[in-house]
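[1] give me a 3D structure for the following:
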Amino acid sequence: MPEVTPWAARDASDLVTDGLRRTLTREPSLHEPSVLAHQLVRRVLGADLRVARGVRPGFSNSTDLLFSPAPGIVLDSSLRLFLARRILTVNDSIENDLAIRDAARHENDSGDQVVSFAWTSVLNNRTTNEVKVGHVRENLLQGPKALFDKTASESAFFDHSWDFIGFHGREPFDVGSQNTHPDYIAGPRNTYAQNIIRDITFDDSLNWLKSGWAGDHTFKAGVSFSRNGALPAGTAANFIGLFTFPTDRPFNAADPTTYPFRFGVSMGQFDFNVIDHRLGSYVSDKWAVNNRLTLNLGLRYDWQGATPAEKNAFGPRLGFAYSVGGDGKTLVRGGIGKVFQCTQTPILITLAQRQVIAPTFAYDTAQVTSPAVTGTFPVKAGDANATACVNPVAGPTAGEAVMSPACKAFLGGLRAQVLAGGFINNPTAGPIIDSPDRQMQYTWAFSAGVKREIAKDMAVSVDYVGNRGRDLTAVIDINEGPINPATGRVTRLGVSGFNPNNVLNLPAAALNTTFVQVNQEQTRPEFNTDFNSLEVELEKRRPGELHAFTL
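    Numbering: from 1, shown residues only. As a prediction, this is how the structure comes out:
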């Protein structure tokens, strides 16, 4: 069991929230921040530092720094500092044993790196204030081995000795292409991900106790701010290219029957910086009117930069608990509240990656006649560029194909057009555009019920619980028309059909483009949700235990 002081055990649980909480630690070494902080605290404040220690598999370390004043010193504040890191070293993933070792997908995840600082002040005998500042760092890196350096490194604390090269300063067309055969994969793996998460949070909460105002009150007020950043969210799947072979025979440049019959590659922008700002504030009052009735009143306001059209995200809350008879045996309770939910960052990343003016472009030769059948070098009739791309050359590893110089030259010119904004995103999947009036989704949650003691340490409760979800968002294909009765297939409206008078403000170059799908993030009443339930619970208490059965 970890060695945790009573002070730490009492207060460490709220250092950080939700999935960022790490309460088990290991013994710090002399060069770590915990020891330095201990020395600083003792020297400046004459305080005693308490450190929670322990070990958890999979975690490198985390440290809770908690101090209290030394004997004879009176302070009206307390400090809590939380440091944590989790390290995952390089993982080689061989998909279902189909990939040879050189084709393994490499992944480096440095995991959560969390710093949380909290300062609690006792302003008077009725008022306290707490300020929290947090910072989260997370690196999610994936791709072929050629994109990594120092892959044997086991230290990723604040990115020390962590070197992901990616495509920064590297030519994707020179890395080598994935060679996919029916029963195995060779060549570098064509996966790629670079998600650098950097979040900053700030919270300030004030508590005030007041008696004599028609009962006892516990007032709370607070404000919170967060900056959530993906710096960048990088995606470059298949930027090195993919050769598809009709047989399992290794590639031999002198034997046309071993050549591929399809080639595809993606190109363009691969790093997308996305930053989202959120602001929240609240006031609440737990009002003990008398020994029978307690009310909970509150109001919260939320704002998010990703939903600029939402200006009225006010969420009121009301709850009550009434002891019938005042003996505590029968309790009538209920409540209602409106809760807003922010748009998640992955939605913002997708909107950045799938714009109308395509930031990336997927080139595909399509499948040609199998050279294993014809016995001749593959040819794409009427397309010299595609023919060049399905006729690779031998790579540095025997049996593996890489792009020919002619194919590279063609793709280089194509990529230059993409980066210059010269391509409309009109492949099958199409673009995803935002709605100018997209709102923050919210839920009205409510409940009412009765709880009754039926025996010593035993109670039964019956509650109605419901909620109503509104302003929910989903992706809709706005280019989808009615089904053609003659063919049974979905028709396409065309730009003039889903975008009359260019109400969506699409780029001029897209107005005469033929699209398959055009997707839009929409807030629509069809997405509303309703939930109703009746819950019956039998609760049995024992010393130090609680057993509950819910239907």
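[2] tell me the secondary structure at residue 347.
    Under DSSP: H, G, I helix; E, B strand; the rest coil, residue 347 falls in the helix class.
[3] verify the stated contact: it with residue 475.
    No - at 9.1 Å, residue 347 and residue 475 do not qualify as touching, with contact defined as Cβ atoms under 8 Å. Yep, even glycine has a C-beta here, placed from its N, CA and C like the rest.
[4] okay, the two: which has more neighbours?
    Applying other Cβ atoms under 10 Å to residue 347 and residue 475 shows that residue 347 carries more neighbours, namely 18 against 14.
[5] nearest spatial neighbour of the more buried one, chain-adjacent residues omitted?
    residue 521 (6.8 Å; Cβ to Cβ, 6 or more residues apart in numbering).
[6] what's the burial count for the one you found?
    18.
[7] follow-up on the earlier one: for residue 347 and residue 475, list the residues in contact with both.
    residue 521 (Cβ atoms under 8 Å, 6 or more residues apart in numbering).
[8] could you check how far residue 363 is from residue 312?
    46 Å (Cβ to Cβ, to the nearest Å).
[9] just residue 123 next, same as before
    Taken as Cβ to Cβ, the span from residue 123 to residue 312 is 33 Å.
[10] more neighbours: which of the two?
    Counted by other Cβ under 10 Å, residue 123 and residue 312 do not tie: residue 123 has more neighbours, with 13 against 8.
[11] still on that earlier bit, on the pLDDT front, check the residue nearest to residue 347 for me.
    At residue 521, the model reports a pLDDT of 92.
[12] surely it is in a strand?
    Yes - Residue 521 sits within a strand when classified using three-state DSSP.
[13] you'd agree it is up against residue 435?
    Yes - if you go by Cβ under 8 Å, residue 521 and residue 435 touch, sitting 5.7 Å apart.
[14] chain center to stretch 280-299, what's the gap?
    Centroid separation between stretch 280-299 and its chain, computed with Cα atoms, centre = their mean, to the nearest Å, is 34 Å.
[15] quick check: end-to-end length of it?
    11 Å (Cα to Cα, to the nearest Å).
[16] contact partners of it?
    By Cβ under 8 Å, 6+ apart, stretch 280-299 touches 214-225, 300-303, 314-324, 326, 335, 337.
[17] could you do stretch 372-392 as well?
    Contacts of stretch 372-392 (Cβ under 8 Å, 6+ apart): 177, 243, 246-247, 249, 251, 253, 256-263, 365-366, 368-369, 371, 401-404, 406-407, 410-411.
[18] could you flag which of the residues you listed are buried?
    The neighbour count (16 or more other Cβ atoms under 10 Å) marks 177, 243, 246-247, 251, 257-263, 365, 368, 371, 401-404, 407, 410-411 as buried among the contacts of stretch 372-392.
[19] narrow those residues to those in helices?
    371, 407, 410-411 (DSSP state H).
[20] make CSV out of those residues and add pLDDT.
    Shown next, in CSV, are those (pLDDT from 0 to 100):
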residue, pLDDT
371, 98
407, 98
410, 97
411, 97
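[21] out of the residues you listed, who's nearest residue 105?
    Sorting these by how near they are to residue 105, with Cβ to Cβ, puts residue 411 at the top with 23.1 Å.
[22] Three-state assignment for residue 517, please.
    coil.
[23] could you find the closest non-adjacent residue to it?
    Residue 517 sits nearest to residue 430 (Cβ to Cβ, 6+ apart), 3.8 Å away.
[24] would you confirm that the one you found contacts residue 518?
    Yes - between residue 430 and residue 518 there is a contact under Cβ under 8 Å: 5.2 Å.
[25] shouldn't residue 322 be within a strand?
    Yes - under three-state DSSP, residue 322 sits within a strand.
[26] quick one: contacts for the nearest residue to it once chain neighbours are set aside?
    Using Cβ to Cβ, 6+ apart and skipping residues adjacent in sequence, the residue nearest residue 322 is residue 332, 4.6 Å away. By Cβ under 8 Å, 6+ apart, residue 332 lies in contact with 321-322, 324, 449-450.
[27] of these, just the buried ones, ChimeraX syntax please.
    A single ChimeraX command selects the buried members of those (16+ other Cβ under 10 Å):
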select :321,322,449
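[28] how about the contacts of residue 332, which pair is most distant?
    The most distant members of those, if one measures by Cβ to Cβ, are 324 and 449, lying 12.9 Å apart.
[29] all helices for the stretch 301-450 of the chain, in order.
    345-353, 371-374, 384-389, 405-419 (DSSP state H, counting those that start in this stretch).
[30] now do the stretch 51-200 of the chain
    Counting by DSSP H, counting those that start in this stretch, the helices of the stretch 51-200 of the chain are 172-175.
[31] ok, which stretches of it are strands?
    61-69, 77-85, 88-93, 105-109, 113-124, 127-143, 148-149, 163-164, 178-180, 185-186, 193-211 (DSSP state E, counting those that start in this stretch).
[32] adding mean pLDDT and distance to residue 538, write those out as JSON lines.
    Conversion of these to JSON lines gives the following (pLDDT from 0 to 100; distance: least, Cβ to Cβ, whole Å):
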{"stretch": "strand 61-69", "mean pLDDT": "46", "distance to residue 538": "38"}
{"stretch": "strand 77-85", "mean pLDDT": "60", "distance to residue 538": "39"}
{"stretch": "strand 88-93", "mean pLDDT": "51", "distance to residue 538": "43"}
{"stretch": "strand 105-109", "mean pLDDT": "74", "distance to residue 538": "44"}
{"stretch": "strand 113-124", "mean pLDDT": "89", "distance to residue 538": "39"}
{"stretch": "strand 127-143", "mean pLDDT": "90", "distance to residue 538": "38"}
{"stretch": "strand 148-149", "mean pLDDT": "75", "distance to residue 538": "56"}
{"stretch": "strand 163-164", "mean pLDDT": "72", "distance to residue 538": "54"}
{"stretch": "strand 178-180", "mean pLDDT": "96", "distance to residue 538": "58"}
{"stretch": "strand 185-186", "mean pLDDT": "94", "distance to residue 538": "56"}
{"stretch": "strand 193-211", "mean pLDDT": "94", "distance to residue 538": "35"}
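[33] quick one: closest of these to residue 500.
    strand 193-211 (38.5 Å).
[34] partners of the closest one in the sheet?
    strand 127-143 (antiparallel), strand 216-235 (antiparallel) (DSSP bridges).
[35] any stretches of this structure with poor pLDDT?
    Counting by pLDDT under 70, the chain has low-confidence residues at 1-97, 110-111, 150-163, 544-551.
[36] try 50
    Applying pLDDT under 50 to the chain flags residues 1-75, 87-90, 154-162.
[37] which SSE is residue 275 in?
    Under DSSP states H and E, the secondary-structure element containing residue 275 is strand 271-288.
[38] check which residues of that strand are buried.
    Quick answer for strand 271-288 (16+ other Cβ under 10 Å): 271-272, 274, 276, 278, 280, 282, 284-288.
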